[in-house]
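Undergrad: following is a predicted model, sequence given first.
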Amino acid sequence: MCDISKVEMKKRKILFSILTALVLIISIFLYMNRDKFVYVGSVDIIEVDCSKKVQILSEVLESDQRIRRSNDFIKLAKEDHRNQELVISIIEKCGMPTLKEVGQKQMVAVWLVLQHSDKEIRKKYFPQIEKAVKNGDLSKQDYALMKDRMLMDEGKPQIYGSQIKNGKLYKLQNPETVNERRKEMGLEPIEDYLKNFNIQFNPN
């Protein structure tokens with residue numbers, strides 16, 4: 001009886017260890033794919049007061065930055081959804097904001113919200129971002145980061161080396177000349193950029 005009990009106890013410990021590992025793996029998977037599992041509804045055009053663009057976009061920027069300091073990804077998804085509706089509604093109803101109408105912070109709010117949106121929204125409004133960059137309302141850096149993100153969305157190599165995926169530099173086209181492209185967009189050398197992520201650049 002004693003031997004049987006020991007064998008049974010050993011089996012139970014092994015089973016418990018396996019179940020604990022599975023729960024941990026599933027938890028990590030759900031966290032890494034949280035945006036896919038938190039559905040907050042479609043992004044709709046809502047009523048906005050065009051005369052209050054500065055105030056609305058200031059609140060959007062504060063919301064975007066505040067929620068990213070928390071670990072509540074359900075609340076993050078909800079606030080992102082609300083911010084997307086506000087920014088997209090301003091673009092659709094009032095036109096793409098410019099520096100003549102709002103300040104630099106408000107333009108950053110527009111860019112951030114679109115950058116944090118899903119790939120369909122980014123793709124739809126990217127021409128507005130391109131135009132804003134050409135007009136000097138947004139920076140070349142803003143263009144580079146969103147362009148890289150869109151290429152990553154499509155599974156294509158990025159151009160400027162701004163995107164990190166799973167702790168590694170996402171695949172990059174012509175890595176040997178990336179710093180030339182980065183310099184044109186006002187970005188720091190990729191070696192310095194990757195130090196922020198404890199990643200060593202290897203052009204090969």
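TA: Everything's here; your move.

Undergrad: contacts, neighbours, all on C-alpha from now
TA: Will do.

Undergrad: domain-wise, how is this structure divided?
TA: The record's domain split for the chain, according to automatic domain parsing, is 40-138, 139-204.

Undergrad: centre of the chain versus the shortest one, how much separation?
TA: So that's domain 139-204. Here domain 139-204 is found 14 Å from its chain centre; the criterion is C-alpha atoms, centre = their mean, to the nearest Å.

Undergrad: how near is E176 to Y143?
TA: As judged by C-alpha to C-alpha, to the nearest Å, E176 and Y143 stand 21 Å apart.

Undergrad: how many other residues sit next to I67?
TA: Per other C-alpha atoms under 10 Å, the neighbour tally for I67 reads 17.

Undergrad: try K168
TA: 14.

Undergrad: and what of N198?
TA: 11.

Undergrad: tell me the contacts of it?
TA: Contacts for N198 (C-alpha atoms under 8 Å, 6 or more residues apart in numbering) come out as none.

Undergrad: sorry, back to before: what's the closest of the domains of the chain to K10?
TA: domain 139-204 (35.9 Å; C-alpha to C-alpha).

Undergrad: packing partners for the helix or strand that contains D192?
TA: According to DSSP states H and E, D192 maps onto helix 190-195. Judged by 3 or more C-alpha pairs under 8 Å, 6 or more residues apart in numbering; DSSP states H and E, helix 190-195 is in contact with helix 178-184.

Undergrad: can you tell me the closest non-neighbouring residue to D142?
TA: Once flanking residues are discounted, D142 sits nearest to W111: 7.3 Å by C-alpha to C-alpha, 6 or more residues apart in numbering.

Undergrad: and the gap between that neighbour and K140?
TA: In terms of C-alpha to C-alpha, W111 sits 12 Å off from K140.

Undergrad: out of these two, which sits in the busier spot?
TA: W111 (24 against 18).

Undergrad: got the contact list for L86?
TA: I45, I46, V48, I56, V60.

Undergrad: list the contacts of the spatially most central residue of the chain.
TA: Nearest to the geometric centre of the chain sits H116, at 4.3 Å (C-alpha atoms, centre = their mean). With contact taken as C-alpha under 8 Å, 6+ apart, H116 is in contact with D80.

Undergrad: before we move on, back to that, give the helix, strand or coil label for the residue nearest to D142.
TA: helix (DSSP: H, G, I helix; E, B strand; the rest coil).

Undergrad: same question, the one 10 residues further on
TA: Following three-state DSSP, I121 is assigned to helix.

Undergrad: returning to that earlier point: and E176 and Y143? which has more neighbours close in?
TA: Set E176 next to Y143 and count neighbours by other C-alpha under 10 Å: Y143 wins out with 20 against 11.
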